[in-house]
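Peer 1: A predicted structure for the sequence below; I have some questions about it.
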Amino acid sequence: MTSRAEYINRLRKMADLLEAESGLILPYQIGKNTISFYPHGVEETARTAKIFPSAWKKNDPAASSYDADYYKLTGAWNGASVVILDDRESVCQRVQVGTEKVVIPAVKAEREKVVERPIYEYKCEPLLAKAVA
């Protein structure tokens, strides 16, 4: 639990950081234990992540439909969790990595059939390289 003094101190440090780093976007929200940024695009996301010295963890796009839609970096700064969230499509490249055979069950007038569907992955590593370089 963050004390009042710790929270106020973190706000002061954030104000100092915002003054020192003119390229840093304003946080969307500063809570007791979380600071959230919602940048737009790969450059803003990478620049925001680079300013905070953190071992970034990113969400797995296969975990849920939410994780597939959003690119989320989570790290730590001055006792708070820092979250950087952007649309996955604006910071990652969707790449077809193969196909899979899918059986479509028979229905009244049609027989069962097998079709191939593409398999996609998101390639986001260049963003992380920019963020920590």
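Peer 2: That came through, no problem. Numbering: from 1, shown residues only.

Peer 1: stretch 107-126: which residues count as buried?
Peer 2: For stretch 107-126, burial by neighbour count (16 or more other C-beta atoms under 10 Å) applies to 122, 124. Backbone N, C-alpha and C define where each C-beta goes, glycine included.

Peer 1: what comes into contact with it?
Peer 2: Identification of contacts with stretch 107-126 by C-beta atoms under 8 Å, 6 or more residues apart in numbering yields 42, 58, 61, 71, 88, 91-106.

Peer 1: how about the CA coordinates for whatever helix or strand residue 86 lives in, as PDB?
Peer 2: Per DSSP states H and E, residue 86 falls inside strand 80-87. C-alpha atoms of strand 80-87 as PDB (Å, rounded to 0.1, in the frame of the first residue of the first chain):
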ATOM      1  CA  ALA A  80       4.700   2.100  -9.000                       C
ATOM      2  CA  SER A  81       3.700  -0.100 -11.900                       C
ATOM      3  CA  VAL A  82       4.100   1.700 -15.200                       C
ATOM      4  CA  VAL A  83       1.700   0.500 -18.000                       C
ATOM      5  CA  ILE A  84       2.100   1.500 -21.600                       C
ATOM      6  CA  LEU A  85      -0.900   0.500 -23.700                       C
ATOM      7  CA  ASP A  86      -1.400   0.900 -27.500                       C
ATOM      8  CA  ASP A  87      -3.400  -0.800 -30.200                       C
END
